[in-house]
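**Q** here is my input; please provide its structure:
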Amino acid sequence: MDHSEVLQQACYVFLNDLNDEMNHSSALQMDDKELFQRCRLIIDKEPNVQIKPYLETLSEVIHAYLTGRASEDALRFYLSEQFSIVNDEIDGLIHGLVTFKNQSADTNTSYPAIDSLTAYPKVSVIITTYNRKAFLYQAIQSVLKQDYPYKEIIVIDDCSTDGTAELMHQNFGDETQVIYMRNEKNSGPGNNRRKAFAAHGDGVYVLFLDDDDYLIDMNYLSKAVQFHNLHPEVSFVAANVFLEFSKAKQLKISSLQLSRIIKKQDYFMNFEKKGYPKPSSTLTTVFKREALMAMDILHMNMVNDASIYLRSLLVGDAGFIDTLAGVYRLHGNNITFNLSQGFLIENLEEKLLIKNMAVQKYGYSEQEMTEWFNHNAYDTISYYLLNSAKDATDFKFMYHWALNHCPPIYNQLRNEFRTKLIKKQLLRISLLRTLLGR
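**A** Here you go, the predicted model:
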């Protein structure tokens, strides 16, 4: 058997053993913690060490499902996608878990069903795409399958050449909930988000979805809208995701582990520091449109995820739903080692604008925001110098930029990366000599 068949067989054994445990222990009235411990015991019996990580994630998904942190949709998705189990078989394999959850008194969700919502404010979903028609189709379908009735999808195509236009016309040409926009020339995802938002993003709530990501909890939009109804002070609400490692064909849970509500200043000042992680892209993040307008989205130079979050946190708190709502694809090793200087400078200048907005419009002190910017600039420049800078010119350019815009980090950067630059130069000389046959 190949790896996929071995994996599938291990899943069958795991779930059948778990069903036997539940049937045998029904009189003992197991709680979810004890059931999770039974899962661990079954995993310990698995002789194949390569299979254990997959079963451990399965155990985590089951625990999340039983404790109301994952929907049945998410559980079914994981079994189908990771273990290639067909729907008819899934019904039998999870019957015991569904019954167990329904009998438990501790798994009531705090988010009402769609029928209990008295009004359905419009949700605009903006999808930027470029030459990813297969992924795009899945992304669109994942939104159309949402049980929330008042949604509109705006697809903006950055001049794709892979047949995306034909896909859209053939599959969604008659779909009233889908709007298709196509650029005459490539302008990048940041510009496209702003362009689509300005043209059609008139929903009370807005979600920015990349073309290779997708939703798996079919009532997530309903949960997000209800969260906004309950907490009008938030600018956005986000949730947890599966990370899909495409190359390894493996899914893992990415849990934000954040409080239900985080005050805007706390999250803004500590964004991406320990304990304050950034959600994976914006694929689960439902923004309040009035917050996006208040933070001046129509005049942003770089409408990327970090900038949208930071600006939104200037005008409102952050909300989090502890549930598995979508899938964030990781292509290759998912680390960008080829950042252009132009992209980097645009990123830094956007953060400088955010710093000035915080001081001039939202009452943050000049000193604390200078420290905030210096910290962010140091992290950004360090990443570039460590991974993307190719020669002495790149290093000197970034040193000069730091000296002009954030002098306190200039010497720190030069001292830390002097050795790195020397190593790059020596490596280049060695490579040239090899090529010249010396």
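**Q** domains of this structure?
**A** For the chain, the structural domains run 3-103, 114-330, 341-436, going by automatic domain parsing.
**Q** state the mean pLDDT of the longest strand along the chain.
**A** Assignment by DSSP state E gives strand 317-330 as the longest strand of the chain. The average pLDDT within strand 317-330 is 97.
**Q** which secondary structure state is assigned to the residue nearest the centre of the chain?
**A** The centroid of the chain falls nearest to residue 280 when counting by C-alpha atoms, centre = their mean (2.2 Å). Here residue 280 takes the coil state, with states given by DSSP: H, G, I helix; E, B strand; the rest coil.
**Q** leaving out chain neighbours, which residue sits closest to it?
**A** Excluding its sequence neighbours, the residue lying closest to residue 280 (C-beta to C-beta, 6 or more residues apart in numbering) is residue 328, at 4.1 Å. C-beta coordinates here come from the backbone N, C-alpha and C atoms, glycine included.
**Q** how far away is the one you found from residue 297?
**A** Computed as C-beta to C-beta, to the nearest Å, the residue 328 to residue 297 distance reads 22 Å.
**Q** likewise residue 100?
**A** Look at residue 100 and residue 297: by C-beta to C-beta, they are 45 Å apart.
**Q** over to residue 23?
**A** Separation of residue 23 from residue 297 (C-beta to C-beta) stands at 54 Å.
**Q** tell me which of residue 328 and residue 297 has more neighbours.
**A** Neighbours per residue (other C-beta atoms under 10 Å) separate residue 328 from residue 297, with residue 297 holding more: 22 against 19.
**Q** surely that one touches residue 190?
**A** No - Residue 297 lies out of contact with residue 190 (C-beta atoms under 8 Å); the separation is 11.0 Å.
**Q** hey, what's in contact with both of the two?
**A** Each of residue 303 lies in contact with both residue 297 and residue 190 under the rule C-beta atoms under 8 Å, 6 or more residues apart in numbering.
**Q** secondary structure class for the closest residue to residue 316 other than its chain neighbours?
**A** Leaving aside its chain neighbours, residue 316 sits nearest to residue 235 (3.1 Å; criterion: C-beta to C-beta, 6+ apart). Each residue gets one of three states, and residue 235 gets strand by three-state DSSP.
**Q** just checking, residue 235 touches residue 264?
**A** Yes - assessed by C-beta under 8 Å, residue 235 is found in contact with residue 264 at 7.3 Å.
**Q** which neighbours do these two share?
**A** By C-beta under 8 Å, 6+ apart, the residues touching both residue 235 and residue 264 are 313, 315-318.
**Q** list just the nearest of those to residue 367.
**A** Ranked by distance to residue 367 (C-beta to C-beta), the shared contacts of residue 235 and residue 264 are led by residue 313 at 19.4 Å.
**Q** the closest one in helix, strand or coil?
**A** Of the three states, residue 313 takes helix under three-state DSSP.
**Q** now swap in residue 241 and tell me
**A** Assigned by three-state DSSP, the conformation of residue 241 is strand.
**Q** tell me the bridge partners for it.
**A** Beta bridges link residue 241 to residue 254, residue 326 when assigned by DSSP bridges.
**Q** residues touching it, list them.
**A** Contacts for residue 241 were tallied using C-beta under 8 Å, 6+ apart; they are 254, 279-280, 283-284, 324-328.
**Q** now do residue 125
**A** Applying C-beta under 8 Å, 6+ apart, we find residue 125 in contact with 143, 151-154, 206-207, 209.
**Q** which phi and psi does the closest residue to residue 144 other than its chain neighbours have?
**A** In space, and not counting its chain neighbours, residue 144 is closest to residue 177: 6.6 Å by C-beta to C-beta, 6+ apart. Backbone torsions of residue 177, given as degrees, to the nearest 10, read phi -90, psi 0.
**Q** for residue 177, give me its contacts.
**A** Residue 177 makes contacts with 144, 151-153, as judged by C-beta under 8 Å, 6+ apart.
**Q** distance of it from residue 147?
**A** From residue 177 to residue 147 the distance is 13 Å (C-beta to C-beta).
**Q** let me see the ranges of the strands in the protein.
**A** 123-129, 151-157, 178-182, 205-210, 214-215, 234-245, 250-254, 261-262, 286-288, 317-330.
**Q** shouldn't residue 296 be in contact with residue 311?
**A** Yes - here residue 296 reaches residue 311: they are 7.2 Å apart, a contact under C-beta under 8 Å.
**Q** what do the two both touch?
**A** Common neighbours of residue 296 and residue 311 (C-beta under 8 Å, 6+ apart) are residue 357.
**Q** so for those two, which sits in the more crowded spot?
**A** Higher neighbour count among residue 296 and residue 311: residue 311, with 24 against 14, using other C-beta under 10 Å.
**Q** roughly how far does the more buried one sit from residue 138?
**A** According to C-beta to C-beta, residue 311 stands 29 Å off from residue 138.
**Q** cool, residue 313 as well?
**A** To residue 138, residue 313 is 30 Å away according to C-beta to C-beta.
**Q** and the gap between residue 228 and residue 14?
**A** On the measure of C-beta to C-beta, residue 228 and residue 14 end up 38 Å apart.
**Q** try residue 135
**A** 30 Å.
**Q** compare these two (neighbour count), which wins?
**A** Using other C-beta under 10 Å as the criterion, residue 135 and residue 14 rank with residue 14 on top: 23 against 16.
**Q** and the more buried one, what pLDDT?
**A** 95.
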